[in-house]
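>>> Here is my input, please return the structure:
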Amino acid sequence: MSAGGATPGAEGRPFGSASSESWEAAARRAAARLAGCTIEEAPAALRELLVLWLDGDPYALPIERVREIVRLRPITPIPRVPDAVRGVISLRGEIVQVLDLRRRLGLPAAEFGPDQRRHRIVVLHGEDGQMAGLLVDRVSEVLRVAADALRPAAPRESDAVVALVPHGERFASLFDVDRLLDLGRRAERSAP
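The predicted structure follows:
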């Protein structure tokens, strides 16, 4: 880790800086290195996605954007922010804003009862180098899928859903992380 907790990208630059490569490009470069080939020869068609669940339905996030998954912990509320911003947590001394993904998508609020132990906070790397957490019902697996298996999102899907991914006999909605986190960034900019 470099100073400030940023992960170094190409030539040691932190991700999120204007001159650094994208997370997707870094993932392709790493996959090529593991496969022992050039980026052009690498099996770029294979995507790894984290499958999470909300209100009984599967959703997916690009694994290269996931920093870690943590158990639900006390969340400190923040005044005067959008309803989907649940508050902040402290993660090894770093402050992480937490978005309630159910609220962000307009789903019914989660019931925190006996199943609370399954809830997780998925901590993501933002494009700007910041971290953000997503409160989800549960996380189940890492799904490996060919890029050509992705289907266009339905017109009624959330603005943050960019594709549908085959998941068993169902489809998981694949999120664009930056669109998903945009609400949190707007809240940070508007806070006094």
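>>> burial count for residue 92?
8 (other CB atoms under 10 Å). Where C-beta positions appear, they are placed from N, C-alpha and C, glycine not excepted.
>>> Quick check on it: phi, psi?
phi 50, psi 50 (degrees, to the nearest 10).
>>> just the strands in the chain please.
For the chain, the strands defined by DSSP state E occupy 46-54, 57-62, 66-71, 85-91, 94-100, 120-125, 131-136, 138-146, 151-152, 161-167, 170-175.
>>> Ranking those strands by mean neighbour count, which comes first?
strand 131-136 (a mean of 24; mean count of other CB atoms under 10 Å).
>>> List of residues touching it?
Residues outside strand 131-136 that contact it (CB atoms under 8 Å, 6 or more residues apart in numbering) are 5, 52-54, 59, 61, 67, 70, 72, 75, 86, 89, 91, 94, 96-102, 110, 119-126, 180-181, 184.
>>> quick one: contacts for the closest residue to residue 83 other than its chain neighbours?
Leaving aside its chain neighbours, residue 83 sits nearest to residue 103 (5.5 Å; criterion: CB to CB, 6 or more residues apart in numbering). By CB under 8 Å, 6+ apart, the residues touching residue 103 are 83, 84, 86, 109.
>>> List only buried entries from these.
84, 86 (16 or more other CB atoms under 10 Å).
>>> re the thing from before, can you list the strands of the chain in a markdown table and add distance to residue 79?
Shown next, in a markdown table, are the strands of the chain (distance: least, CB to CB, whole Å):
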| stretch | distance to residue 79 |
| --- | --- |
| strand 46-54 | 26 |
| strand 57-62 | 29 |
| strand 66-71 | 24 |
| strand 85-91 | 10 |
| strand 94-100 | 14 |
| strand 120-125 | 21 |
| strand 131-136 | 19 |
| strand 138-146 | 29 |
| strand 151-152 | 39 |
| strand 161-167 | 30 |
| strand 170-175 | 27 |
